[in-house]
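Chemist: using only what follows, build the 3D model:
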Amino acid sequence: MMKDIVKPIAVLAGICLVVTALLAFVNQLTLPVIVEAEEKAAAAARSEVLSAAKDFKRLTPEYLPEGVTEVYEGSDGSGYVILVQVKGYGGVIRLIAGIRSDGTLEAIKTLSHSETTGVGTKAVDNNSGYRERFAGTTADSYQQIDTISGATISSTAYKKGVGLIFDAYRIVKEAGV
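Modeler: Okay, here's the model as predicted:
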């Protein structure tokens, strides 16, 4: 009786151990490729939102508003690229934006979101047209952009993200980081 119970458990445990070891091995092989692909995608997104910059230097200011995850300075004083995440209706919305050295937002892009398809995506999808409304705005003018009816929570979260971007820009400019 004990043999009938212990043997199958031992076989299953052995199989699990072998599969776990194989998964760990494959993960170690693919990790550098994944990290390189993510860095290339991040560099492309930075260049997309701040086109004048040839390269970027990551800044580490002492203080940034909650939700601001990364700040980069563009080469030759072209401006800054700021990444933020805010809580939307369906979860976290991650945004990246480029602000020129004169304080105008050049472009903003949604990196990821989990908003409701067809409703919340009206505000956060890169092809929705909503993000283009923010291009050329400043810390004083972005608030004039209306939220989207039917997607109020998502578009309000998007505007909150834009506000965080301008807050981070002001802090970095004042600190001279």
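Chemist: report how many residues lie close to the nearest residue to Glu62 once chain neighbours are set aside.
Modeler: Using Cβ to Cβ, 6 or more residues apart in numbering and skipping residues adjacent in sequence, the residue nearest Glu62 is Ala175, 7.5 Å away. Placement of C-beta: from N, CA and C, glycine included. Using other Cβ atoms under 10 Å, Ala175 has 11 neighbouring residues.
Chemist: next one: Val19
Modeler: A count of neighbours around Val19, defined by other Cβ under 10 Å, yields 10.
Chemist: go on, Asp146?
Modeler: 9.
Chemist: A helix includes it, no?
Modeler: No - counting by DSSP: H, G, I helix; E, B strand; the rest coil, Asp146 is not found in a helix; it is coil.
Chemist: for Thr69, see how far away it is.
Modeler: 27 Å (Cβ to Cβ, to the nearest Å).
Chemist: over to Gly103?
Modeler: 21 Å.
Chemist: and what of Gln144?
Modeler: In terms of Cβ to Cβ, Gln144 sits 26 Å off from Thr69.
Chemist: more neighbours: the two, which one.
Modeler: Thr69 (14 against 8).
Chemist: ok, the more buried one - contacts?
Modeler: Applying Cβ atoms under 8 Å, 6 or more residues apart in numbering to Thr69 gives the contacts 83-85, 94.
Chemist: could you dump these into JSON lines with distance to Asp55 and neighbour count added?
Modeler: Output for these, formatted as JSON lines (distance: Cβ to Cβ, whole Å; neighbours: other Cβ atoms under 10 Å):
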{"residue": "Leu83", "distance to Asp55": "17", "neighbour count": "23"}
{"residue": "Val84", "distance to Asp55": "22", "neighbour count": "27"}
{"residue": "Gln85", "distance to Asp55": "24", "neighbour count": "20"}
{"residue": "Arg94", "distance to Asp55": "22", "neighbour count": "16"}
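Chemist: show me the residues you listed that map onto strands.
Modeler: Among the contacts of Thr69, the residues falling in strands (DSSP state E) are 83-85, 94.
Chemist: counting by contacts, list what the helix or strand in which Leu22 is found packs against.
Modeler: Using DSSP states H and E, Leu22 sits within helix 2-49. Counting contacts by 3 or more Cβ pairs under 8 Å, 6 or more residues apart in numbering; DSSP states H and E, helix 2-49 is packed against strand 92-100, strand 105-112.
Chemist: next, the angle strand 105-112 makes with that helix.
Modeler: Helix 2-49 and strand 105-112 meet at an angle of 170 degrees, taking axes from the mean of the first three to the mean of the last three Cα atoms, to 10 degrees as the criterion.
Chemist: after helix 2-49, which helix or strand is next?
Modeler: strand 56-59.
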